[in-house]
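1. next comes the sequence, and after it the predicted model I'd like to discuss.
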Amino acid sequence: MARIIKARERSGEASMLSAKEEAFLEKRARLARWWNVAALGMLAVLAGIALWLYLKSPRLISPGRVLADLEAGTLPVETAETMAVLLPVLVLMCLVIVAVVVFYGFFVFSNERRYHDIIAKLKRGE
């Protein structure tokens, strides 16, 4: 996008967009370029949190572990009744929700890049 704007400035062609609009588009293009890196980083952190929870506190993420501890009698009855199913399901659902939001971002920024391509094509006069 910046190359197109600079080429137009050098050639003396008038732009269909104001300077403020072009600055906005540049900012959006920069954000769109960096989204995949940021989203992959967030997914890696999310996977790391899930792994850490599994290794450090398996009762928070593994329903099978909770049931095994319950059968072995190592959980207090009061805690076991509440945790047995609800806690692992809750944690897993939270992780799924965060993953869905991040994947949604991939689709949003994919469209954003598409819009920038269309704008660039219009600016070239194609």
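-> It's in.
2. and the helix or strand where Arg65 lies, what's buried?
-> Under the criterion of DSSP states H and E, Arg65 resides in helix 63-72. Residues of helix 63-72 classed as buried by neighbour count (16 or more other C-beta atoms under 10 Å): 63, 66, 69-70. Yep, even glycine has a C-beta here, placed from its N, CA and C like the rest.
3. of those residues, which is the nearest to Cys94?
-> Pro63 (14.5 Å; C-beta to C-beta).
4. quick one, the particular helix or strand that has Arg114 in it and helix 63-72 angle?
-> Here Arg114, judged by DSSP H and E, is contained in helix 86-124. Here the directions of helix 86-124 and helix 63-72 differ by 170 degrees (axes from the mean of the first three to the mean of the last three C-alpha atoms, to 10 degrees).
5. in CSV, list the C-alpha atoms belonging to the helix holding Arg65.
-> Extracted in CSV, the C-alpha atoms of helix 63-72 (Å, rounded to 0.1, in the frame of the first residue of the first chain):
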residue,chain,number,x,y,z
PRO,A,63,-12.1,-35.1,33.9
GLY,A,64,-10.5,-38.6,33.9
ARG,A,65,-8.0,-37.5,36.6
VAL,A,66,-10.7,-36.1,38.8
LEU,A,67,-12.7,-39.3,38.5
ALA,A,68,-9.6,-41.4,39.2
ASP,A,69,-8.9,-39.4,42.4
LEU,A,70,-12.5,-39.6,43.4
GLU,A,71,-12.4,-43.4,43.0
ALA,A,72,-9.1,-43.6,44.9
